[in-house]
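J.: Give me the fold of what follows.
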Amino acid sequence: VDSCWMCGPGLLLARTLPFATLAVRRLSFIAATLAGRSQMSASAAGLPETPILPIKFSDTCQTGVPDLDADRVKFLASKGVTIEPLDPVGAKVTGIDLRKQPDEDVLEALQQEMAKRGFIVFKNQGEGGEHGFLTGDEQVRASEYWGGREMHSTHGVHPKAPNRHIFRLSNDRNVGILGVGPQWHNDGSFERGVFSHVGYGIVRVPEKGGATLFAHQGAAFDALPPELQERWSRYVSVNSNSGVLHPMVHEHPISGRKSIYLHLGMTGGVLEVTGDEGSDKKQLRLLEEDEMRELFNQYNDVLNAGLPSGSPHKTAPERQELPAGVAPYATSYAYEPGDMVFIDNLAVAHRAAPEAHESSSKQGLRILHRTTVKAMKNFDPPYGLPPAVNVFGPNPLGQGVWIGSGVGFRWDDGIKMQN
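T.: Residues are numbered from 1 along each chain as shown. Prediction:
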């Protein structure tokens, strides 16, 4: 779930950042796209859309989601903490009460495993253990064990949220905020410093399900063919809500793992950079609509492909199957009472399962508390590009997709895009 619902800070950033001049401009500077301009798809304009071709996934991908480190498992056991892998991604921990701060060496070992495996589910948390949950204040304190070690809260606050740091989500508008995060994303993408870690505390598990999907972005990079790995490494996304720039391929700040990154609900443009990192002859261009549509669908495909074969959450199964022998790297996690989930927000992308947004009368009541942690460092673009541009101003390159809005490029006419 992203945090731009009713967000003042993201919008304020977009309006107050000075326009950062890009390295290359075309002489034919055209103010082609202004804030709030509606996007018309090719199909809506009566033009044929280019079909999305399936990715030729690598059939030699061997890396995948790494195993737990045996020495760390043994060390944690010596402290009374049991950590076990979840299949195919993530881990679960018992033997820790997050209401009491663990020793620093325990936290460090857990944070390293979170960076490798993507997320950790802390079982049996809060008053009542396996039937409980952390209070709002307890969840905030537990969130500050990780990453930047302090809260970075930019969301709207529901009247029933226990404190201002809790983003309270539900499938009943009287209880929490509806319909957030249906497409793959990383939280806080409108910030220069994308949140380091995010906590999801399940307060009420719906009787008929309401999962969150997680996909390992390092394993997804490995699954790409070399030509897409190289091309995506030259792409830089422009956030449609704030104008901050983020690399589409980066090295994870803890694991060092090459990982992919893109927000499928809040991206207003994608820059392609050609030329070497240190070269003065770099060239910039913005992707056109057909290229954006292909890129976003391919990104959606590579993350969905990580789900086990036959998963009902694959949105285009004919394009989203890995070659035989390549291990899955994504999961649909069904919460249980007492779960407190913490994710490394640059190691896994996530999205809400469609059933999580079904009405409480159909699914049963779902209540989830989300907390967000300050970045350990800024998530800036490469190639000497500025950290942000004025996405609500004119298109700096004269052509290509350039959208300033709370919702970004619509890459599929049939999808929900609430952030």
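
J.: What is the burial count for the nearest residue to Gly126 once chain neighbours are set aside?
T.: The spatially closest residue to Gly126, leaving aside those adjacent along the chain, is Gly132, at 3.5 Å (Cβ to Cβ, 6 or more residues apart in numbering). (Glycine included, C-beta is placed from N, CA and C.) For Gly132, the neighbour count with other Cβ atoms under 10 Å is 15.

J.: How about Thr371?
T.: Residue neighbour count, defined by other Cβ under 10 Å, stands at 27 for Thr371.

J.: Kindly report the same for Phe379.
T.: Around Phe379 there are 25 residues (other Cβ under 10 Å).

J.: just the one 5 residues further on next, same as before
T.: By the measure other Cβ under 10 Å, the count of residues near Gly384 is 12.

J.: Now it: phi and psi?
T.: Note on Gly384: backbone dihedrals following degrees, to the nearest 10 are phi 70, psi 20.

J.: The residue nearest to Gly126 is in contact with Met340, isn't it?
T.: No. With contact defined as Cβ atoms under 8 Å, Gly132 does not count as touching Met340 (9.9 Å).

J.: Name the residues contacting each of these two.
T.: Residues within reach of Gly132 and of Met340 at once, by Cβ atoms under 8 Å, 6 or more residues apart in numbering, are 125-126.

J.: Please, which helix or strand holds Gly126?
T.: Following DSSP states H and E, one finds Gly126 outside all helices and strands.

J.: Residue ranges in the stretch 201-350 of the chain under the pLDDT threshold?
T.: The stretch 201-350 of the chain contains residues with pLDDT under 70 at 276-280.

J.: where do the helices sit along it?
T.: Per DSSP state H, counting those that start in this stretch, the stretch 201-350 of the chain carries helices over the ranges 217-223, 226-232, 289-305.

J.: closest one to Glu321 among those?
T.: Among these, the nearest to Glu321 by Cβ to Cβ is helix 289-305 (6.4 Å).

J.: what number of residues lie near the closest residue to Pro253 other than its chain neighbours?
T.: Of all residues not flanking Pro253 in the chain, Met376 sits nearest, at 5.8 Å (Cβ to Cβ, 6+ apart). Neighbour count of Met376, defined by other Cβ under 10 Å: 16.

J.: again, but for Trp402
T.: Residues lying near Trp402 (other Cβ under 10 Å) number 25.

J.: Please apply the same query to Ala219.
T.: Neighbours of Ala219 (other Cβ under 10 Å): 29.

J.: thought it was touching Lys116?
T.: No. Taking contacts as Cβ under 8 Å, Ala219 lies outside contact range of Lys116: 10.7 Å.

J.: Mind listing the shared neighbours of those two?
T.: Val65.

J.: Mind putting the helices of the stretch 201-350 of the chain into TSV with distance to Phe190?
T.: Below are the helices of the stretch 201-350 of the chain laid out as TSV (distance: least, Cβ to Cβ, whole Å):
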stretch	distance to Phe190
helix 217-223	18
helix 226-232	21
helix 289-305	17
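
J.: Ranking those by mean neighbour count, which comes first?
T.: With neighbours defined by mean count of other Cβ atoms under 10 Å, none of the helices of the stretch 201-350 of the chain is more surrounded on average than helix 217-223, at a mean of 26.

J.: helices or strands next to the host helix or strand of Ala77 in the packing?
T.: Here Ala77 sits within helix 70-78, counting by DSSP H and E. Under the contact criterion of 3 or more Cβ pairs under 8 Å, 6 or more residues apart in numbering; DSSP states H and E, helix 70-78 touches strand 82-85, helix 104-117.

J.: Of those, which stretch is the most buried?
T.: Among these, helix 104-117 has the highest mean neighbour count (mean count of other Cβ under 10 Å), at a mean of 19.
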